[in-house]
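S.K.: this one's sequence-less:
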């Protein structure tokens with residue numbers, strides 16, 4: 001553990017059966033922040049044991065949905081500055097150094113967004129062309145908060161928040177295996193369908209024709225999946241199927257609703 005002073009930052013992580021990844025996530029932050037809190041929703045593996053072994057504080061909270069679970073994590077933190085990471089994410093050494101330098105000078109913004117890059121099971125670090133998505137993850141609690149959505153766990157900045165961009169990257173070790181990915185698609189598409197129903201969304205049938213091929217091309221070409229070689233074909237198919245599945249499930253729901261009338 002580092003002898004350098006801890007930054008006045010609370011890190012919070014939500015977990016469920018993450019024994020293969022939780023140590024990696026905690027180890028990337030534990031020696032330079034003030035506290036790490038793990039909010040577990042009922043793991044049946046060694047997640048809690050391993051997290052406590054990494055000096056994180058672990059609390060149990062029954063699963064209320066992504067946004068509300070992260071809001072619960074926010075409420076447990078003792079610092080005003082919060083850093084949220086997922087159990088499959090790692091703060092790179094370069095990102096750690098960048099955040100440390102920001103706090104050495106004093107933060108000049110209220111919320112910082114970071115690019116999170118995909119790392120696959122056969123990789124140690126993301127490729128230079130890896131797909132990344134941007135999220136607000138480092139923020140002052142007085143200037144933003146996670147949404148209450150059960151599906152979309154996103155920090156919502158308050159109107160007066162000053163936002164800046166971090167230059168270094170976070171690593172996202174998201175896919176354990178193809179089998180795990182397919183099982184997650186099925187669970188997550190159920191939540192997406194329910195969320196769309198709740199928001200009054202409707203499906204245009206023509207999307208059943210175009211959703212898969214358009215999504216495949218988006219992943220393979222626009223997101224540069226082709227640069228992974230044959231693995232890029234796997235990535236593109238998985239992405240396209242996940243997008244198709246949520247549309248198909250919403251269409252199925254609407255057919256059932258019509259049949260009951």
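M.R.: Structure received. Nothing here was measured: the structure is a model prediction, and the numbers come from that model.
S.K.: and stretch 35-45, average pLDDT?
M.R.: For stretch 35-45, mean pLDDT rounds to 97.
S.K.: same question for stretch 126-143.
M.R.: In the prediction, stretch 126-143 has an average pLDDT of 95.
S.K.: any buried residues in it, and which?
M.R.: If you call a residue buried by 16 or more other Cβ atoms under 10 Å, then stretch 126-143 has these buried ones: 126, 130, 131, 132, 136, 137, 138, 139, 140, 143. In short, each C-beta sits where N, CA and C put it, glycine included.
S.K.: go through these and flag which are in strands.
M.R.: Using DSSP state E, 132, 136, 137, 138, 139, 140 are the members of those that sit in strands.
S.K.: in CSV, list those residues along with distance to residue 158.
M.R.: Putting those into CSV (distance: Cβ to Cβ, whole Å) gives the following:
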residue, distance to residue 158
132, 25
136, 11
137, 16
138, 15
139, 10
140, 10
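S.K.: domains of the protein?
M.R.: Annotated domains of the chain cover 7-175, 178-260 [automatic domain parsing].
S.K.: tell me which stretches of the stretch 51-200 of the chain form helices.
M.R.: For the stretch 51-200 of the chain, helices defined by DSSP state H, counting those that start in this stretch occupy the ranges 66-76, 93-105, 178-198.
S.K.: what residue is smack in the middle of the protein?
M.R.: Closest residue to the average C-alpha location of the chain: residue 86 at 5.5 Å, with Cα atoms, centre = their mean.
S.K.: need the winner for burial among the domains of the chain.
M.R.: Of all the domains of the chain, domain 7-175 has the most neighbours on average by mean count of other Cβ atoms under 10 Å, namely a mean of 18.
S.K.: first-to-last residue distance for that domain?
M.R.: Separation of the first and last residues of domain 7-175 by Cα to Cα, to the nearest Å is 31 Å.
S.K.: which elements pack onto the helix or strand of the chain with the lowest mean pLDDT?
M.R.: Lowest on mean pLDDT, DSSP states H and E among the helices and strands of the chain sits helix 178-198, with a mean of 91. Under the contact criterion of 3 or more Cβ pairs under 8 Å, 6 or more residues apart in numbering; DSSP states H and E, helix 178-198 touches helix 230-260.
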